[in-house]
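J.: below is the sequence, then the predicted model.
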Amino acid sequence: MKYLLVATAVLTALPLSAAVELNRIAATVNGKAITSKEIAFHLAPTIGMLCAKYPRQGEQFRKAFKEAQNNVLERLIENKLVLSKLEELDAKLPAQVLIEEENRIIREVFNGSEKEFRKNLEQSGMTRRAFRQSQKEKILVQAFRQQQFKDVAPTTEAEITARYRERSRELRDRSKDRISFRKIYIPATDPNNPAATPNEQLVLAEKIALQVKGGADFAETAIANSAGAFAKQGGLWKGEDGGGEMRPDLEVGFADIVFDTPKGQIVGPLKDRRGFTIVEVIKKNYGPAPPLDKKMRERMRTEVEIEKRSVLYKEWLKLLRRTAMIKRRV
């Protein structure tokens with residue numbers, strides 16, 4: 001939820017060719033509207049990551065943004081298609097279910113703070129009524145999928161094992177990830193040069209990034225240019241806390257970006273609220289995967305079954321699309 005402000009700021013700053021205004025209708029499905037606020041709400045985490053990865057918000061940013069926006073819109077269109085069908089079936093959802101789901105979100109996402117929950121709704125531009133409607137639609141769609149597409153072929157032991165192998169790295173204990181890297185940090189505001197603007201500092205960071213990517217010694221370049229911790233040690237950071245040794249107040253997932261960068265490669269400049277970071281990944285060790293015990297086997301069985309149901313669900317959606325009235329405006 002902390003990414004909502006970032007998403008709102010980006011969406012309002014981008015020209016209309018890249019994003020819609022926050023009060024526009026993005027699409028209609030059988031007369032049901034999907035607003036740009038809904039899209040912004042679901043895009044928020046992705047936008048935070050893209051803003052870090054593409055500081056200038058140039059062509060690469062716009063391409064990635066458009067792809068993410070399209071993916072979100074397609075999911076919302078699918079939900080509206082299902083909801084149209086549910087209306088025909090006169091599907092109902094008890095009010096208590098919505099209250100319990102809202103309480104769960106407040107408890108798990110906002111540490112039980114009703115005040116923080118309301119604050120984030122205001123910042124995202126969503127009313128509480130709109131939030132509840134969104135949750136209602138999501139729960140109805142999930143329940144319908146589980147009920148209507150439950151009859152699939154039994155999951156085999158081979159499928160469970162294959163699924164586990166495919167997912168084991170993603171399911172690993174990330175708290176035990178270990179990474180060592182070198183870092184060059186260029187502040188957005190340089191205390192030694194107060195006249196330098198953030199854009200000029202970004203230009204400097206881009207120039208340095210080109211140098212190290214072109215073969216300049218990273219450690220020497222860090223010693224000469226970095227304003228970050230351990231600059232005198234060539235910017236070397238050792239993985240005491242795995243992917244989490246980046247400053248904990250960063251809101252744009254630097255640790256994820258860095259840990260996803262292959263060993264030996266350089267990424268950046270990445271942008272945060274304070275400046276620009278260039279990183280060379282030296283060594284990575286992934287945390288251990290969970291054992292394939294009884295609990296994990298059941299989880300993998302469920303995932304395989306969900307995937308099988310999804311195939312049937314997508315085929316059913318294709319049929320719905322043939323007779324639906326869908327108008328996209330973005």
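T.: Alright, I've got the coordinates.
J.: okay, helices next: where are they in the stretch 201-330 of the chain?
T.: For the stretch 201-330 of the chain, the helices defined by DSSP state H, counting those that start in this stretch occupy 218-225, 254-260, 294-323.
J.: take those helices and write them to a markdown table, including mean neighbour count and mean pLDDT.
T.: Yep, even glycine has a C-beta here, placed from its N, CA and C like the rest. Output for the helices of the stretch 201-330 of the chain, formatted as a markdown table (neighbours: other CB atoms under 10 Å; pLDDT from 0 to 100):
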| stretch | mean neighbour count | mean pLDDT |
| --- | --- | --- |
| helix 218-225 | 18 | 90 |
| helix 254-260 | 19 | 77 |
| helix 294-323 | 14 | 86 |
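J.: among these, which comes closest to Gln60?
T.: helix 254-260 (14.0 Å; CB to CB).
J.: which elements pack onto that closest one?
T.: The contact analysis (3 or more CB pairs under 8 Å, 6 or more residues apart in numbering; DSSP states H and E) places helix 254-260 against helix 36-53, strand 178-187, strand 266-271, strand 275-285.
J.: now it - C-alpha only, CSV.
T.: Taking Å, rounded to 0.1, in the frame of the first residue of the first chain, the C-alpha atoms of helix 254-260 are listed here in CSV:
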residue,chain,number,x,y,z
PHE,A,254,16.3,-1.9,-4.3
ALA,A,255,17.1,-5.2,-2.6
ASP,A,256,14.9,-7.1,-5.0
ILE,A,257,16.4,-5.4,-8.0
VAL,A,258,20.0,-5.9,-6.9
PHE,A,259,19.4,-9.6,-5.9
ASP,A,260,17.8,-10.3,-9.3
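J.: now it: how far from the chain's centre is it?
T.: Relative to its chain's centre, helix 254-260 lies at 13 Å (CA atoms, centre = their mean, to the nearest Å).
J.: go on, stretch 157-165?
T.: Distance, centroid of stretch 157-165 to centroid of chain: 27 Å (CA atoms, centre = their mean).
J.: buried stuff in it?
T.: Neighbour counts over stretch 157-165 (16 or more other CB atoms under 10 Å) mark Glu159, Ile160, Arg163, Tyr164 as buried.
J.: output the below-cut-off pLDDT ranges for the chain.
T.: 1-23, 45, 88-94, 109, 124, 146-148, 238-254 (pLDDT under 70).
J.: hang on, the earlier thing: so which of the helices of the stretch 201-330 of the chain comes closest to Lys284?
T.: Here helix 254-260 is closest among the helices of the stretch 201-330 of the chain (CB to CB), at 6.7 Å.
J.: does Phe110 really touch Phe117, like I thought?
T.: Yes. Shown here, Phe110 and Phe117 form a contact pair, counting by CB atoms under 8 Å, at 4.8 Å.
J.: tabulate the helices and strands packed on helix 254-260 (TSV), appending mean neighbour count.
T.: Formatted as TSV, the helices and strands packed on helix 254-260 follow (neighbours: other CB atoms under 10 Å):
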stretch	mean neighbour count
helix 36-53	22
strand 178-187	23
strand 266-271	23
strand 275-285	21
